[in-house]
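Student: With the sequence up front, the predicted model follows.
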Amino acid sequence: MSDTAVDRLRDIRARIRAAEGDADRPAGSVELVAVSKTFDAHEIRPVLEAGQRIFGENRVQEAAGKWPELRAEFAGVELHLIGPLQSNKTAEAVALFDVIETVDRDKIAREIAKEMARQNRRPRLYVQVDIGEEAQKAGIPLREAAAFVARCREEHGLAIEGLMCIPPVGEHPGPYFALLGKIAGEAGVEKLSMGMSGDFERAIPFGATSVRVGSAIFGSRG
């Protein structure tokens with residue numbers, strides 16, 4: 001049996017559709033973000049040829065090295081930044097990415113607002129929440145998340161459309177997905193980026209609007 005990235009992509013898409021049905025959600029209500037970090041253009045190209053257009057990258061510099069060429073070949077690519085954003089990379093990030101999912105502090109919010117005005121470019125924005133209150137992880141503390149979303153809108157002039165989280169490794173993710181949905185309601189946002197290769201099917205019943213799947217499509221990273 002063939003086991004290529006394209007085969008695995010088809011399997012993941014089928015599993016998303018099945019999970020949507022099991023959760024009584026409309027088909028197509030969950031977007032697949034194929035996480036292509038650490039993979040080269042030649043490894044990504046077959047997945048693009050199979051019709052996938054939404055991709056996630058962790059590092060601005062790495063994405064800048066491969067995506068301009070791929071975008072020249074394939075129309076309609078939507079690129080998400082899903083890794084922490086350093087302030088000195090904000091200009092590049094605003095220029096390159098269509099969605100920045102990792103807004104997590106006022107300094108970054110200010111820099112993004114400044115670059116959006118300077119470049120006249122409007123990437124869509126998510127706030128990353130440190131849902132498990134883990135000191136080593138990026139994200140706004142969960143108790144501050146709703147207030148931070150309000151501050152992004154009122155002080156920084158940013159339209160925040162969603163929240164993103166990464167639950168603690170080794171714990172059941174369901175309660176954390178439920179908590180992110182609760183915070184989203186308090187903050188008045190509709191989009192939820194949650195669920196990865198090992199738990200995306202569990203995220204869908206809790207309202208995930210996008211799931212970030214990398215190794216289950218591309219295979220293990222070197």
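Tutor: Yes, it's here. Numbering: from 1, shown residues only.
Student: Do a quick rundown of the strands in the chain.
Tutor: Assigned by DSSP state E, the chain shows strands spanning 31-35, 54-57, 78-81, 99-103, 124-130, 140-141, 160-165, 191-193, 210-213.
Student: where does this protein dip in pLDDT?
Tutor: Low-confidence segments of the chain, defined by pLDDT under 70, are located at 1-2, 221-222.
Student: Residues contacting the top helix by length along it, please?
Tutor: Counting by DSSP state H, the longest helix found in the chain is helix 5-22. Outside of helix 5-22, the residues within contact range by C-beta atoms under 8 Å, 6 or more residues apart in numbering are 26-30, 32, 34, 43, 46-47, 49-50, 52, 200-201, 204-205, 211, 213, 216-219. To be clear about C-beta, it is placed using only N, CA and C from the backbone, and glycine gets the same treatment.
Student: Do a quick rundown of the helices in this structure.
Tutor: Using DSSP H, helices in the chain cover 5-22, 41-49, 60-73, 90-96, 106-119, 145-154, 174-187, 200-203, 215-218.
Student: Can you tell me which of these is most buried?
Tutor: Compared across the helices of the chain, helix 200-203 shows the largest average neighbour count, a mean of 22 (mean count of other C-beta atoms under 10 Å).
Student: now it, how far from the chain's geometric center?
Tutor: Between the centre of helix 200-203 and the centre of its chain there are 14 Å (C-alpha atoms, centre = their mean, to the nearest Å).
Student: go on, stretch 23-33?
Tutor: Mean C-alpha position of stretch 23-33 versus that of the full chain (C-alpha atoms, centre = their mean) differs by 15 Å.
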